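# Kindly generate the corresponding structure for this input.
(2 chains)
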Amino acid sequence: MFDNNMGGESMREKILEMLSCNSRISHDQIAVMLNMNPQDVTREIKAMEEEKIILKYSTLINWEKTKSHTVTALIDVKVTPQRGVGFDEVAERIFRYPEVRSVALMSGSYDLSVKIEGKTMKEVALFVAEKLATVEHVQSTMTHFVLKQYKQAGVVFDDKEEDRRQVITP
Amino acid sequence: MSKFNAADYVVPKLKSLPPSGIRKFFDLVANTKGVISLGVGEPDFVTPWHIREACVHSLEKGYTMYTSNWGMPELRKGVADYLSEKYHVSYSPENQVIITVGASEAVDLALRAVVDQDDEVIIPDPCYVSYKPCAAMAGGTVVSIPTKAENDFKLTAQQLENAITAKSKVLVLCYPNNPTGAIMTKEELLQIAAVVEKHNLLVISDEIYSELTYSGQHTSFASLPGMLDRTILINGFSKSFAMTGWRVGYATGHPEIIGAMVKIHQYTILCTPVTAQMAALEALNNGMEQVYHMRDQYNQRRRLLVNRLNDMGLDCFEPKGAFYAFPSIKRTGLNSEEFCQHLLNEELVAVVPGEAFGESGKGHIRISYASSINQIEEALNRIERFVNKRYKSEVNLSAQA
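Now for the predicted structure:
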């Protein structure tokens, strides 16, 4: 139970973890911190980009602090399974819309979880009614609007926890 | 009627005890605004949430009473199981484990339990700030052994042999080491054990940083052949589980010695606060994954720090444990106190002068990497600017001369 878990992670996983925390970190710094060769880091990252393991380098933004107001909704979508049409095909019909930010197949009481972004609630609601609900094999939708984001990608948005340590301790 | 002078009532041995070398520097730093401090000897992580939550739950359940003087039986058993599985040392939770108010109390209890007037206590230097004062307060005579950067700040068997006299009784070890980050391998410890056995010494082994070992496995001194009974093994929750403020540590050893320590503990402390013990129990039961996660983070920061220190010309041997680097600052031409003061004034970075940890720390500074990567990087940029300025002015001076 107190087993010396050295992580068992591969170098790739470690590189990915560092990039997912800070996509702007330099390859040289990754190399130093993981005790690797800088060329090896660059090669691995390049390979992972080509293999589409790394898809994009993005930035986590607290949009609420900006003037841009987007409305986000999570839609539970139930799908009627039909012969010859799997979930993948229904999902594809949904994720082709640019308004759709993410789509995932879920276990449980509904099948697809769809995240929609729009400028207003009305815009999102209309999209659901006119586009999403009318996709073939979609049986029902349930729309949940996001009111406030507290934490995303492991980051607490308005973190009040600060360094409370004494400035010098033995 | 004679005039009351409070100072006359303080015992002479306390008056002559120097205040912690860190105190003076602390005041200086505390009074400066906008400082990045790499002078902190504790994790920057807050105690993992599940541990904090378990503590709150224990309060809700009404765990607000005294516990056994020895500590809660479940926690003692947890500690014994942990030490057995991790470091292959076997202790009975019944009479060989005491839960203390931090490892610091355990150090004090151990020294008071075994050191008598004029007994010699051998302490490698530089070392954690409390060993020497506690040994002195217990009535012992401190014998310092200087450890050196060229030996990676390890104690050598020869040095120990040379320090032995007829009065030698106790050896204090602390590996992984604060302030140097040094560790000792099993082979190196075996050589020390041979000298310990030859001269019939008792060892107080403070292994509070045992989980923060970055090269190979930590070897507990008590696990060496013949050393189990001869060792008072001290450890705790502060560093590994990021629980400094909870004050929970422990000591394990021979029943006679632990029993003697419990005597002092029961009359002075009574018991470690139950709330903190409940949190420690949760830490042992469900907290190991977090420990390894934090260790990985420290290790990445350690490599970054040591690499950049060496790049900027501050020679730094590779610290393989704890969360400190201990580079030499001799090339700047400053002594370590001057270095730290000027660095604070000119660049608003706080590090601790090596001599705060003993004579052999002179010419070195202790830099803690228990800080976020961003803080470490910014501090390193400032240190580099400072060193370049200093070094260049030194070079110019010597060129003029």
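
# For chain A, just list every one of the helices.
A:11-21, A:27-33, A:38-50, A:87-95, A:121-127 (DSSP state H).

# what mean pLDDT does the first one have?
What that stands for is helix A:11-21. Mean pLDDT, helix A:11-21: 95.

# of all the helices of chain A, which lies closest to chain B?
Of all these, the one in closest proximity to chain B, counting by CB to the nearest CB, is helix A:27-33 (3.9 Å). Every residue, glycine included, has its C-beta placed from N, CA and C.

# export the closest one as CSV, just CAs?
Provided in CSV are the C-alpha atoms of helix A:27-33 (Å, rounded to 0.1, in the frame of the first residue of the first chain):
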residue,chain,number,x,y,z
HIS,A,27,11.7,22.0,-25.1
ASP,A,28,15.0,22.8,-23.4
GLN,A,29,13.2,23.3,-20.1
ILE,A,30,11.3,20.1,-20.5
ALA,A,31,14.5,18.4,-21.2
VAL,A,32,16.2,19.7,-18.0
MET,A,33,13.2,19.0,-15.8
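
# Residues contacting that helix, please?
Residues outside helix A:27-33 that contact it (CB atoms under 8 Å, 6 or more residues apart in numbering or on different chains) are A:15, A:18-19, A:36-38, A:40-42, A:45, B:300-301, B:303-304, B:307.

# If we use 7 Å, what do you get?
A:15, A:18, A:37-38, A:41-42, A:45, B:300, B:303-304, B:307 (CB atoms under 7 Å, 6 or more residues apart in numbering or on different chains).

# For those, which ChimeraX command selects only the ones that are buried?
To isolate the buried members of the contacts of helix A:27-33 in ChimeraX, using 16 or more other CB atoms under 10 Å in any protein chain shown:
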select /A:15,18,41,45 /B:300,303,304,307
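
# possible to save the contacts of helix A:27-33 as CSV with distance to residue B:3?
Putting the contacts of helix A:27-33 into CSV (distance: CB to CB, whole Å) gives the following:
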residue, distance to residue B:3
A:15, 72
A:18, 67
A:37, 74
A:38, 73
A:41, 73
A:42, 77
A:45, 77
B:300, 61
B:303, 61
B:304, 60
B:307, 62
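
# Just flag the most distant two among the contacts of helix A:27-33.
Spanning the widest gap among those are A:45 and B:307, at 19.6 Å by CB to CB.

# Chain A: strands as residue ranges?
Applying DSSP state E to chain A gives strands spanning A:71-79, A:100-105, A:112-118, A:138-145, A:151-152, A:155-156.

# Please disregard the earlier target; I meant the stretch 51-200 of chain B.
Secondary structure of the stretch 51-200 of chain B (DSSP state E, counting those that start in this stretch): strands located at B:97-100, B:120-125, B:141-146, B:168-173.

# Centre of the chain to the third one, how far?
Meaning strand B:141-146. Its chain's C-alpha centre lies 17 Å from the corresponding centre of strand B:141-146 when counted by CA atoms, centre = their mean, to the nearest Å.

# Any idea how far apart the tips of stretch A:41-59 sit?
22 Å (CA to CA, to the nearest Å).

# Apologies, that question was intended for stretch A:124-143.
9 Å.

# Residue B:13: neighbour count?
10 (other CB atoms under 10 Å in any protein chain shown).

# again, but for residue A:133
Under the criterion other CB under 10 Å, the count of neighbours that residue A:133 has is 15.

# can you check residue B:144 too?
Residue B:144, neighbours per other CB under 10 Å, totals 18.

# how much space between the residue nearest to residue B:219 when sequence neighbours are not counted and residue B:85?
Spatially, and ignoring its direct neighbours in sequence, residue B:219 is nearest to residue B:186 (4.2 Å; CB to CB, 6 or more residues apart in numbering or on different chains). Distance, residue B:186 to residue B:85, by CB to CB, to the nearest Å: 18 Å.

# picking up where we left off before, quick one: the residue nearest to residue B:219 from residue A:156, how far?
43 Å.

# Please say which of these two ends up with more neighbours.
Neighbour count, other CB under 10 Å: between residue B:186 and residue A:156, residue B:186 has more, with 15 against 10.

# tell me the contacts of the nearest residue to residue A:79 once chain neighbours are set aside?
Closest residue to residue A:79 apart from its sequence neighbours, by CB to CB, 6+ apart: residue A:111 at 4.5 Å. By CB under 7 Å, 6+ apart, the residues touching residue A:111 are A:77-79, A:87, A:105.

# center of chain A - which residue?
residue A:153 (7.1 Å; CA atoms, centre = their mean).

# Find the nearest non-adjacent residue to that one, please.
residue A:60 (5.5 Å).

# How many residues are close by that neighbour?
11.

# how about stretch A:76-96: buried residues?
For stretch A:76-96, by 16+ other CB under 10 Å, it's A:76-77, A:79, A:90-91, A:93-94.

# pLDDT score assigned to residue B:299?
For residue B:299, the pLDDT comes out at 97.

# how about the helix or strand encompassing it as PDB, C-alpha atoms only?
Using DSSP states H and E, residue B:299 sits in helix B:288-311. C-alpha atoms of helix B:288-311 as PDB (Å, rounded to 0.1, in the frame of the first residue of the first chain):
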ATOM      1  CA  MET B 288       0.600   8.000  -0.700                       C
ATOM      2  CA  GLU B 289      -0.300   8.800  -4.300                       C
ATOM      3  CA  GLN B 290      -0.200  12.500  -3.500                       C
ATOM      4  CA  VAL B 291       3.200  12.000  -1.900                       C
ATOM      5  CA  TYR B 292       4.600  10.600  -5.100                       C
ATOM      6  CA  HIS B 293       3.000  13.300  -7.200                       C
ATOM      7  CA  MET B 294       4.600  16.000  -5.000                       C
ATOM      8  CA  ARG B 295       7.900  14.200  -5.200                       C
ATOM      9  CA  ASP B 296       7.800  14.200  -9.000                       C
ATOM     10  CA  GLN B 297       7.100  17.900  -8.900                       C
ATOM     11  CA  TYR B 298      10.000  18.600  -6.600                       C
ATOM     12  CA  ASN B 299      12.300  16.500  -8.700                       C
ATOM     13  CA  GLN B 300      11.500  18.500 -11.800                       C
ATOM     14  CA  ARG B 301      12.100  21.800 -10.000                       C
ATOM     15  CA  ARG B 302      15.300  20.400  -8.500                       C
ATOM     16  CA  ARG B 303      16.700  19.700 -11.900                       C
ATOM     17  CA  LEU B 304      15.700  23.100 -13.200                       C
ATOM     18  CA  LEU B 305      17.300  24.900 -10.200                       C
ATOM     19  CA  VAL B 306      20.500  23.000 -10.100                       C
ATOM     20  CA  ASN B 307      21.000  23.200 -13.800                       C
ATOM     21  CA  ARG B 308      20.600  27.000 -13.800                       C
ATOM     22  CA  LEU B 309      22.700  27.500 -10.700                       C
ATOM     23  CA  ASN B 310      25.600  25.700 -12.300                       C
ATOM     24  CA  ASP B 311      25.000  27.500 -15.600                       C
END
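
# Alright, I will stop here.
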